[in-house]
Each structure stands twice: as C-alpha cells, then as structure tokens.
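Undergrad: A predicted structure for the sequence below; I have some questions about it.
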Amino acid sequence: MLHVSTRGEAPAIGFTDALLAGLARDGGLYAPQSWPQISRTDIAAMAGRSYAQVARRVLGALVDGDIPAADLGAMIDDAYSAFRHPAVCPLTQIADNIFVLELFHGPTLAFKDVAMQLLGRLMNHALQARGQRATIIGATSGDTGSAAIEAFRGLDQVDVFILYPHGRVSEVQRRQMTGVNAPNVHAIAVEGTFDDCQAIVKGLFNDHRFRDELGLSGVNSINWARIAAQTVYYFTSAVALGAPHRPIAFSVPTGNFGDILAGDIARRMGLPVANLAIATNANDILARTLASGRYEKRGVAATSSPSMDIEISSNFERLLFESCGRDAAAIRGMMASLGQSGSFEIEPVSLAAIRAGFSAHTAGEDATLAEIARVYRECDYIIDPHTAVAVAGARAEISQDPATPVIALATAHPAKFPDAVEKATGKRPPLPAHLADLFDRKERFTVMANDQAAVATFIRANASKG
Ligand SMILES: Cc1ncc(COP(=O)(O)O)c(C=O)c1O
Ligand SMILES: N[C@@H](CCOP(=O)(O)O)C(=O)O
C-alpha cells in the first residue's frame with residue numbers, strides 16, 4: 001500500500017519510506033492511500049488476546065507486507081515485553097460507564113512510549129537494512145522528547161536532537177531529557193513555546209538541502225508510523241469492554257491531535273467507535289474550531305497540563321484531509337492561510353463531517369485540579385493533569401449519553417506532574433524505582449534562541465554524518 005501526502009505534491013511512498021521520511025517533502029503529512037478493513041469477526045477474535053497479538057493484527061493490516069510479517073511480529077513482541085504492566089495498557093473503572101486506559105507503563109511514563117518503543121525498533125531495522133544513518137529531530141512539550149531519547153539513545157545509526165520549550169515543561173519531564181548521558185542525544189531548550197519548536201522542526205524538514213545533507217527523520221506524530229502504532233490500544237480497550245458487539249466512546253486529552261486521530265483511524269478500519277471527545281485544557285483552539293468552523297490562533301497559555309499547551313495542532317491536517325474528501329488543494333489553501341494570518345475557515349460540509357464523529361470539551365485549570373481531587377476522593381486513585389482533562393471530558397459525554405461506555409485516555413503517570421497532583425490531593429506521587437535517581441543525574445542541555453538558522457548550525461556541528 002502506498003501513502004499519499006495531505007498536500008498532494010509529494011510522491012506516494014510505502015510504509016517504510018514514510019517511516020523514515022517523517023514529514024512529506026511538500027510539507028504535508030502522509031496517510032495510507034486507502035483504509036484497510038478489519039472485519040467484525042476479526043475484531044471479536046481479539047478478545048482474550050495479548051496486546052502484542054492484537055498489535056500484530058492491526059499493524060499487519062497497516063504495514064501491508066512492507067516489512068516481513070515475522071520481523072514485524074518480533075519487533076512488536078520485543079517492544080511491549082518491557083512494559084511494567086502485563087496487559088501493556090490496562091483499563092481501570094472509575095465511575096459508572098467511565099473507564100481509564102492507562103498508557104503510562106512504558107519506560108518514560110507517558111503514552112508516547114507505546115508508539116516510540118516500536119518506532120525505535122522499526123527505524124533501526126530499516127536503517128540497518130539500507131545501510132543508512134539518520135538525524136532524528138523532534139519537538140516536544142515534554143513527553144515525546146524523553147520517549148524518543150529512551151528509544152534511540154546509544155544507537156549507532158542515529159543522532160537525536162530534541163527541541164523543548166525552555167521553562168515550560170515539568171522538572172521531571174526536563175530531567176528525563178537532560179539527564180541522559182549518551183553521545184548521540186542532544187537536548188535543546190528553545191526560548192519559545194512548543195509551537196515555536198515544532199515550527200523549527202518543520203522548517204528544517206522543508207529546507208530540502210539541509211534535510212538531504214543530514215538525512216533528517218522525524219519522530220513526532222507527523223510521522224505516520226506513530227499514528228499507526230497508537231491505533232492498537234483503541235482496539236484492545238474497546239474489545240475489553242465488549243466491542244464489536246457494542247460501540248465505545250473515547251475521551252482523549254488533545255494537543256497535537258495525534259492520539260485522537262489514531263482513534264479515528266481505528267474507526268475507519270472498522271472498530272465501532274461511538275464518538276471521540278476532544279478534551280482540551282485552557283488552550284481550547286480545537287473546541288473553538290468545532291463550535292465555530294474557524295481555526296484561529298490566540299496565543300498559548302501555560303497550564304498544569306503543559307504537554308497540551310499547543311496551538312498548531314499538526315494532525316488536525318490529517319482529519320481535515322479526510323473530511324474534505326482528500327482535496328489536497330483545499331488543504332494547501334487552509335495551511336497557507338494559517339501561516340499567513342493565523343487562521344482558516346473550514347467548509348460547512350467538512351465541518352459537518354468532523355462534528356459527526358467528534359465532540360469537544362474544555363477543562364480549565366480549576367476544573368483540572370478539581371477532577372484530580374474528585375477521582376482521588378471517590379476512588380482512591382491518582383491521575384495526572386492531562387488524564388484529568390480527559391476524565392472531565394468523559395463525564396461531559398456520559399451526561400449526554402449515559403448508556404455508552406467512555407474510555408478516558410490516561411496519557412501520563414501522575415509522578416511526571418507531582419506539583420499539580422500534590423496541590424489537588426495533598427499527596428506527592430513517587431517516581432517508579434527505575435527513575436528513583438532522576439534528580440541526582442547530571443543535566444546536559446543547550447539553551448538556544450527561537451531561531452531556525454541557529455538550530456540548524458548546532459545540528460550540523462553536532463551530528464556525526466556519513
Ligand atoms: C501527557 C500528554 N497527554 C496528552 C497529549 C496530547 O496528545 P496529542 O498531541 O497526540 O494530541 C500529550 C502530547 O502529545 C501528552 O504528552
Ligand atoms: N505533547 C507532545 C507534543 C508533541 O506531540 P507529538 O505526539 O506530535 O510528538 C509532547 O509531549 O512532546
């Protein structure tokens with residue numbers, strides 16, 4: 001199966017090429033030419049299967065033979081064998097028809113590990129087979145960076161450069177990125193927001209000379225393989241609650257729109273997903289967009305769920321692409337308008353298509369802390385601020401449709417955000433044993449201005465080429 005760019009001006013390529021490319025050369029995002037289908041019978045047969053077995057089935061359909069099935073299966077088994085929970089992504093019930101999907105049992109305590117542990121293996125496999133090396137660049141609001149560093153540190157074929165917003169990530173998140181002593185890892189603290197970091201990363205990809213010279217590769221959710229790997233837990237969790245025999249809804253804490261898009265892809269592949277609730281913090285650009293049909297930047301506020309302090313929600317482009325009938329010219333127009341004026345309008349037909357499958361709910365700072373406190377009080381269960389935004393969204397969904405179970409995605413371990421959790425509950429969640437010495441580790445990072453040229457110079461000077 002080939003993958004096409006949302007902007008329609010880059011050649012269609014296979015799964016492994018899309019994996020190594022990250023962003024398409026026309027600035028667009030790759031998506032499969034058509035959606036593979038998984039039948040109700042096959043979905044029903046996932047009941048009782050392990051996470052890795054379901055991953056083999058779902059990813060096998062998306063990879064479509066581009067990687068030999070035995071190799072893909074071995075990498076899947078290996079990637080998920082080291083998770084701290086035997087179910088990999090277990091479910092917990094916290095209220096009538098509200099469940100929490102724990103996605104934080106990987107090495108860096110956030111949902112990013114679920115995809116990144118596999119992505120690291122897939123990229124290493126592809127680079128070794130081709131005898132190539134790559135310079136991986138990524139932008140992070142805190143979690144993608146550490147997950148990428150953990151997945152790629154010490155690998156001979158790659159250098160990793162991670163850009164994060166200086167002073168805008170939690171201390172645990174920062175130390176997870178800066179406390180790693182590996183010569184191929186470089187943490188860059190950019191004086192700006194996550195959106196500034198992401199703009200630099202995309203700008204470097206769009207500089208074709210630089211891209212080719214360094215062999216750039218990306219591990220943000222602009223990389224199609226990230227989304228593909230994230231579809232799996234929608235299948236495992238929905239099946240655990242009775243799919244395909246009953247539809248399930250999801251509430252997803254959203255920033256760059258990758259995680260919730262994976263739920264939409266699972267639905268396009270045949271999983272009966274009743275609704276996808278976009279749960280936002282005070283940075284509510286997506287909620288405003290769904291309400292008005294106008295995507296409009298207003299500036300990013302710092303919140304207690306910093307990983308979602310994002311205004312340029314990259315993967316929304318993939319949803320727009322689907323909702324406008326894959327009209328690449330329309331996408332180019334909308335993205336040009338976003339670049340020039342900070343806003344764009346969505347055509348009524350596309351907006352109706354989006355509203356048919358998605359709702360949106362916002363939890364501001366007080367509501368987020370109140371939700372952490374409530375879940376602790378009622379269930380003796382501690383959630384992190386991002387998960388709290390999702391649980392608040394799940395409660396809003398249940399108030400409208402009490403009969404359909406809602407799964408709230410728990411995207412981070414509470415110990416990543418101890419200050420907010422302590423403020424809400426009076427309890428300071430401890431780090432798991434493997435991170436117990438995190439605060440003793442020496443930090444290594446470089447502070448840089450929000451300047452693409454300066455970052456390019458730094459990467460050129462520090463990447464081992466050839
Ligand atoms: C803990 C956490 N929750 C939620 C999100 C939002 O996910 P997405 O960017 O895929 O919308 C992020 C960042 O991606 C995150 O790190
Ligand atoms: N919240 C993310 C932001 C980047 O998202 P990605 O899914 O596109 O990598 C983070 O923690 O870095």
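TA: Yep, that arrived. Numbering: from 1, shown residues only. Ligands and ions are numbered 1, 2, ... in the order given.

Undergrad: who in the stretch 51-200 of the chain is up against ligand 2?
TA: Counting by C-beta under 6 Å from any ligand atom, the stretch 51-200 of the chain comes close to ligand 2 at Thr140, Ser141, Gly142, Asp143, Thr144, Gly145. In this view, the C-beta of every residue, glycine as well, is placed from N, C-alpha and C.

Undergrad: Correct me if wrong: the third one contacts Pro306.
TA: Okay, so that is Gly142. Yes - between Gly142 and Pro306 there is a contact under C-beta atoms under 8 Å: 5.8 Å.

Undergrad: Overlap in contacts, the two.
TA: Val169, Ser170, Gln173 (C-beta atoms under 8 Å, 6 or more residues apart in numbering).

Undergrad: And the last one, its phi and psi?
TA: It stands for Gln173. phi -60, psi -50 (degrees, to the nearest 10).

Undergrad: And it, how close does it get to Ala229?
TA: Between Gln173 and Ala229 the computed distance is 21 Å (C-beta to C-beta, to the nearest Å).

Undergrad: Same question for the second one.
TA: Using C-beta to C-beta, one obtains 25 Å as the distance from Ser170 to Ala229.

Undergrad: Give the other helices and strands that the host helix or strand of Gln117 contacts.
TA: Taking DSSP states H and E as the definition, Gln117 sits inside helix 112-130. On a contact count with 3 or more C-beta pairs under 8 Å, 6 or more residues apart in numbering; DSSP states H and E, helix 112-130 meets helix 15-21, helix 69-81, strand 134-139, helix 143-152, strand 158-165, helix 224-230.

Undergrad: Do I have it right that Ala151 meets Leu119?
TA: Yes - judged on C-beta under 8 Å, Ala151 makes contact with Leu119 at a distance of 6.4 Å.

Undergrad: list residues touching both of these two?
TA: Val219.

Undergrad: Give me the pLDDT for Asp156.
TA: pLDDT recorded at Asp156 is 86.

Undergrad: Could you do the one 5 residues further on as well?
TA: We have a pLDDT of 98 for Phe161.

Undergrad: Bridged to it, which residues?
TA: Beta-bridge pairing for Phe161 (DSSP bridges): Ile137, His186.

Undergrad: show me the contacts for it.
TA: Thr135, Ile136, Ile137, Gly138, His186, Ile188, Val455, Phe458, Ile459, Asn462, Ala463.

Undergrad: Would you agree the third one is in contact with Leu163?
TA: Which is Ile137. Yes - here Ile137 reaches Leu163: they are 7.4 Å apart, a contact under C-beta under 8 Å.

Undergrad: more neighbours, the two?
TA: Taking neighbours as other C-beta atoms under 10 Å, Ile137 and Leu163 compare with Ile137 leading, 31 against 28.

Undergrad: Tell me where the stretch 151-300 of the chain has strands.
TA: If DSSP state E, counting those that start in this stretch is used as the criterion, the strands of the stretch 151-300 of the chain fall at 158-165, 185-191, 216-218, 248-253, 273-280, 294-296.

Undergrad: Alright, calling it a day.
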